[in-house]
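Asker: Sequence and predicted structure are below.
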Amino acid sequence: MTTIQLRSKVDSNGVLHVCVPFSKYDADREVRVTIEPLGEAVKTMSPDQWRQFVHEMAGCIDDPTFQRHAQGDFENRKELFP
């Protein structure tokens with residue numbers, strides 16, 4: 001197996017064009033291409049970090065003109081098991 005590494009950018013249309021040179025002996029051969037985005041990795045929070053974030057954000061709106069609008073009434077439904 002031969003590994004070839006190259007860098008390319010996704011264009012403004014969201015399309016990645018890749019041109020990889022091979023020898024004529026590789027004609028009609030299947031290959032596998034793996035896309036690995038470079039740059040800042042997506043960070044995920046642990047359950048404890050998420051809980052801390054929620055506690056820090058709760059009640060943080062200090063705008064006196066902010067108001068919660070009426071939420072309406074619950075819909076009356078038929079009971080499933082009368």
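Answerer: Sure thing, it's come through.
Asker: Can you name the helix or strand that residue 48 falls in?
Answerer: helix 47-57 (DSSP states H and E).
Asker: Contacts for that helix next, please.
Answerer: residue 45 (CB atoms under 8 Å, 6 or more residues apart in numbering). Glycine gets a C-beta too; all of them are placed from N, C-alpha and C.
Asker: Now that helix: buried residues?
Answerer: Neighbour counts over helix 47-57 (16 or more other CB atoms under 10 Å) mark no residue as buried.
Asker: Please save the CA atoms from that helix in PDB.
Answerer: Listed next in PDB are the C-alpha coordinates belonging to helix 47-57 (Å, rounded to 0.1, in the frame of the first residue of the first chain):
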ATOM      1  CA  PRO A  47     -21.300  15.900  30.800                       C
ATOM      2  CA  ASP A  48     -19.800  17.800  33.700                       C
ATOM      3  CA  GLN A  49     -18.600  20.600  31.400                       C
ATOM      4  CA  TRP A  50     -22.000  20.900  29.900                       C
ATOM      5  CA  ARG A  51     -23.700  21.000  33.300                       C
ATOM      6  CA  GLN A  52     -21.300  23.800  34.400                       C
ATOM      7  CA  PHE A  53     -22.000  25.700  31.200                       C
ATOM      8  CA  VAL A  54     -25.800  25.500  31.700                       C
ATOM      9  CA  HIS A  55     -25.400  26.700  35.400                       C
ATOM     10  CA  GLU A  56     -23.200  29.600  34.300                       C
ATOM     11  CA  MET A  57     -25.700  30.700  31.600                       C
END
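Asker: average pLDDT for it?
Answerer: Taken as a whole, helix 47-57 has a mean pLDDT of 91.
Asker: Check the offset of it from the chain's centre.
Answerer: 20 Å (CA atoms, centre = their mean, to the nearest Å).
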